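In: coords please:
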Amino acid sequence: MCVLAAYLGDRPAAPILLEMLEKQEGLAGGYYAGLATVHDGKLLFRKVVGDVAALRRQTDAAALPGTVGIAHSRTPSGGNVEWGHPFVDCRQQMAYVAQGAPGFFTTRTDMPTFGNALLAKGHTFRSTCAEKVGNYPGLNNGKFVHLSDVMCHLIEDEQQAGLSLLEAMRTAFTRMPGEICGICLHCETPDRLVVAAINQSIVIGRDDASVYLCSTGLALPESVTWRLQMPPNTAAAVTRSDLTLRPFDPSAVPVVSAHPSLDADAFALESLRNTPGQTWGALFGKLREKLWPGGGLTVTAPAVNIIENLVRTSRIRLETHQVPGMFNRGTTPQVRVFASE
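Out: As a prediction, the model looks like this:
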């Protein structure tokens, strides 16, 4: 599922982003890590196979200048370092991070078609490799690429057609939907972050001087006094003083949002008593099935919020354990969830 973070303010972004990632990577990441900032009109980015600790050790990511940035930690889905986020466009002007998967849209969106069309227009995918990776589809040239790499270039292509970054991201998400959310950072607009979500959880928080975006509110600093759950099927431009929301075409990717949640807390606690030490993702998946037994494309935020609330009220506790890292290189943190007695 992955986790992501973003920051826009008056302080160095990189240390804040790494701290936000460290609060989340044990939930649904820890196997690839990366971040990007903008400084003096240039896009700076670093990524590694490994967790945030590896990113700190192996690169100068923590020292990258800039007061705006995005960051990401990925699940063990395979691929070399170029299969980690962030992804960048052909001109290295834009960086993109995302979380989610094709999911509901696996058989509903012909994703290789978009990759092939972009190749024909001259786009170059940094994640291109000869070996098949997981369930990622291949292109006509016999190569395989990360779908978020394709989305990054699709957004770039829409921009080159004359759209603003906000409208380009909104259009790209509508054309090639998945069970995803994502954040873009662009050298030409360092005063803003652009975010889009179909059904995945992303939280926007503010304090006196800064804006923060993350997969779960557990990563927000204590200074945050205002927060908003990103609506589904929406794109947004976020600045330090404004928030502009642009809904998708309501018929394009309808999302089921109503759910019977009255007994969700009790269900989660009972599940943890029966199976203590579940991963965050396992409990999240069970809650999602409980909330929407009928299936369909559903928002994920309610399930995330239920777990968050149980943590904040001390009814469940999170324990971080070390597990084998990607390709069995070292270890990475993984959060296990327990009911509090």
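In: Run through this protein and note the low-pLDDT ranges.
Out: 250-254, 256-262, 295 (pLDDT under 70).
In: Can you tell me the closest non-neighbouring residue to the most centrally placed residue in it?
Out: With distances taken as Cα atoms, centre = their mean, Gln99 lies nearest the centre of the chain, 3.1 Å away. Leaving aside its sequence neighbours, Gln99 sits nearest to Cys2 (Cβ to Cβ, 6 or more residues apart in numbering; 4.0 Å). In this view, the C-beta of every residue, glycine as well, is placed from N, C-alpha and C.
In: what sits against that neighbour?
Out: Residues near Cys2 by Cβ atoms under 8 Å, 6 or more residues apart in numbering: 28-29, 72-75, 85, 98-100, 215.
In: among the residues you listed, who's most crowded?
Out: Ser73 (35 neighbours; other Cβ atoms under 10 Å).
In: Could you measure from Asp249 over to Gln159?
Out: 19 Å (Cβ to Cβ, to the nearest Å).
In: what do you get for His186?
Out: From His186 to Gln159 the distance is 8 Å (Cβ to Cβ).
In: Mind listing the shared neighbours of those two?
Out: 94, 165.
In: ok, longest helix in the chain?
Out: Criterion DSSP state H: the longest helix present in the chain is helix 13-28.
In: Check which helices and strands the very next helix or strand once past that helix sits against.
Out: Next along the chain after helix 13-28, taking DSSP states H and E as the criterion, comes strand 32-39. Where contact means 3 or more Cβ pairs under 8 Å, 6 or more residues apart in numbering; DSSP states H and E, strand 32-39 is packed against helix 13-28, strand 42-49, helix 52-58, strand 68-74, strand 94-101, strand 179-186.
In: just the ones you listed: most buried one?
Out: strand 68-74 (a mean of 31; mean count of other Cβ atoms under 10 Å).
In: Give the pairing partners of it; include direction for each.
Out: strand 3-8 (antiparallel), strand 32-39 (antiparallel) (DSSP bridges).
In: Flag every buried residue along the longest one.
Out: Neighbour-count burial for strand 32-39, with 16 or more other Cβ atoms under 10 Å as criterion, is recorded at 32-39.
In: Same list, those, but as JSON lines with distance to Arg170 please.
Out: Formatted as JSON lines, those follow (distance: Cβ to Cβ, whole Å):
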{"residue": "Tyr32", "distance to Arg170": "27"}
{"residue": "Ala33", "distance to Arg170": "28"}
{"residue": "Gly34", "distance to Arg170": "24"}
{"residue": "Leu35", "distance to Arg170": "24"}
{"residue": "Ala36", "distance to Arg170": "21"}
{"residue": "Thr37", "distance to Arg170": "24"}
{"residue": "Val38", "distance to Arg170": "21"}
{"residue": "His39", "distance to Arg170": "27"}
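In: Cheers, nothing more for now.
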